[in-house]
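Generate coordinates for the sequence data below:
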Amino acid sequence: MTPEATSLGHKHFDVIKCNAGPTVLDDEDPKCLPSKCQREERKGVTYKVFSYSTTLLLTGHCKYSTFPDASSTTKMGNYNQTCVVNDAIAYVTLTVLYTTVLVGGTIGIIIMTLLLYRTNTRSLTTTVVINLLVVHSIFLLTVPFRIIYYVDRQWYFGFKFCKIISAMIHIHTYLSFIFYVAMLIIRYISYFKQKDKIEFYRKLHSVVASAAVWIIIILVIFPLFYVRYGWSSDDNSTGQCFRFHTALRNPAVINLNYVLVVVVVSVICLLLVVQIFIIVRVVKKLRKSALDHQEFWAQLKSLFFILVMIICFIPYHMFRIYFIHHANECYFYNEIFLGITALSCLDLLSFAVQTYFQKVLKHMPCTLTCIC
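Numbers count the residues shown, from 1 in each chain. All right, here's what the predicted structure looks like:
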């Protein structure tokens with residue numbers, strides 16, 4: 001049987017079936033055919049033309065690509081269709097998602113800044129919240145560039161700046177995760193040691209501690225991401241950005257992703273178990289008067305931050321397991337799940353709203369008693 005043929009540019013290519021996905025084979029160089037691939041017989045099957053990445057296709061001696069371009073929405077034969085998504089819908093979804101993050105995150109930062117203005121900055125918990133606020137603020141500065149790209153579908157700011165903007169959402173995700181965990185551990189230590197607060201001896205100590213953390217972030221984490229993140233520009237043709245998934249062909253990168261998934265999911269689950277245990281103890285101790293006690297509300301606030309991690313971080317990391325092996329065809333799904341991690345910027349806004357309702361609910365039992 002003769003394999004189905006299609007054309008790309010001014011050249012003629014054979015479409016073949018490969019275990020790794022559809023492949024384009026240059027008929028001028030038959031040696032390019034990978035040993036694990038076999039020609040697909042026609043047998044009356046109608047194939048649709050693929051949109052292939054010319055950057056990948058025209059590199060090296062063998063001009064073939066084992067993956068279709070991420071922007072292609074048409075599929076061929078029995079090719080994996082679990083990640084099919086319309087480009088227009090994906091771009092609109094990402095635009096709405098990041099606009100919500102930008103507006104809600106900015107409002108939350110302003111409100112929390114006002115609330116923290118008169119707060120005791122010697123408290124370890126307050127120090128962590130301030131650092132979390134800084135992380136959110138830095139990330140929000142990069143969001144407008146993403147929105148411009150998703151609206152215009154064109155990147156105007158160069159490849160190096162694309163790397164920085166793309167890396168920032170990953171830096172934001174894991175720094176936020178670290179600060180959430182630190183804050184919860186401090187709260188747990190305070191609860192089990194029956195201390196009202198854990199504080200620095202002086203305000204200067206909290207400033208020095210925060211400065212030390214940011215020196216490490218600036219001198220170690222940022223340069224490491226800049227050098228190692230997006231080491232290959234093969235996925236980013238002129239005018240494109242946020243396409244660095246070819247790095248997932250590297251076994252070391254794959255292993256790192258698996259480690260991050262296991263660590264993040266395991267830590268969140270462990271924190272949730274501990275938090276539920278504490279809340280049950282507090283409710284048994286206080287019983288019907290739980291709503292009147294600050295201890296109960298403090299534990300609900302801790303539970304709130306765990307829920308933020310569950311909603312924002314777990315979906316992305318669970319999907320990452322699948323994405324590692326389906327990087328090209330699931331590009332937009334990965335971008336949407338990654339965008340959901342940015343919703344953690346809304347935590348400060350939600351925290352402020354929660355504080356307001358706490359004050360309202362604390363007066364409700366008294367009001368009901370007076371009415372009766």
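
Tell me how many other residues surround the closest residue to V135 other than its chain neighbours.
Leaving aside its chain neighbours, V135 sits nearest to L175 (4.8 Å; criterion: Cβ to Cβ, 6 or more residues apart in numbering). (Each C-beta comes from the backbone N, C-alpha and C, glycine too.) By other Cβ atoms under 10 Å, 20 other residues sit near L175.

secondary structure element for L175?
helix 159-192 (DSSP states H and E).

which other residues reach the helix or strand that that helix is followed by?
In the C-terminal direction, the helix or strand that comes right after helix 159-192 (DSSP H and E) is helix 203-216. Outside helix 203-216, the residues that touch it by Cβ atoms under 8 Å, 6 or more residues apart in numbering are T121, R122, L124, T126, T127, I130, N131, V134, F200.

Make TSV from those residues and add distance to F222 to it.
Formatted as TSV, the entries for these read as follows, by distance: Cβ to Cβ, whole Å:
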residue	distance to F222
T121	25
R122	28
L124	25
T126	25
T127	21
I130	19
N131	15
V134	14
F200	26
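
If you rank those by neighbours, which is first?
Neighbour max across the contacts of helix 203-216 (other Cβ under 10 Å) = T127, 25 neighbours.

Excluding covalently adjacent residues, which one is nearest to it?
Spatially, and ignoring its direct neighbours in sequence, T127 is nearest to S206 (4.6 Å; Cβ to Cβ, 6+ apart).

What count of nearby residues applies to the one you found?
22.

Over to the one 10 residues further on?
Counted with other Cβ under 10 Å, the burial measure for I216 works out to 11 neighbours.

For it, report the pLDDT, please.
Listed pLDDT for I216 reads 87.

Distance of it relative to L175?
11 Å (Cβ to Cβ, to the nearest Å).

ok, now Y226?
For Y226, the distance to L175 (Cβ to Cβ) stands at 15 Å.

hang on, the earlier thing: which one of the contacts of helix 203-216 is nearest I276?
Checking these against I276 with Cβ to Cβ, the nearest one is L124 at 23.2 Å.

Need the per-residue pLDDT for the closest one.
Looking at L124, the pLDDT reads 84.

Report the separation between the closest residue to T119 other than its chain neighbours and V85.
Excluding the flanking residues, the one nearest T119 by Cβ to Cβ, 6+ apart is T126, at 5.3 Å. Distance, T126 to V85, by Cβ to Cβ: 42 Å.

Over to H136?
Counting by Cβ to Cβ, the gap from H136 to V85 is 28 Å.

Looking at those two, which is more packed in?
A count of neighbours by other Cβ under 10 Å puts H136 above the other of H136 and V85, at 25 against 16.

Quick check: that one touching C345?
Yes - with contact defined as Cβ atoms under 8 Å, H136 reaches C345; the gap is 4.8 Å.

what residues are shared contacts of these two?
G105, G108.

and the contacts of helix 203-216, which of them are in helices?
Residues of the contacts of helix 203-216 located in helices (DSSP state H): L124, T126, T127, I130, N131, V134.

sorry, back to before: am I right that the residue nearest to V135 is in contact with I218?
No - at 11.7 Å, L175 does not count as touching I218 under the criterion of Cβ under 8 Å.

Could you pull up the residues touching V265?
With Cβ under 8 Å, 6+ apart, V265 has these contacts: I314, H317, M318.

Which one of these is nearest to V353?
I314 (22.7 Å).

Could you chop this structure up by domain?
The chain resolves into domains spanning 1-79, 87-365 when parsed by automatic domain parsing.
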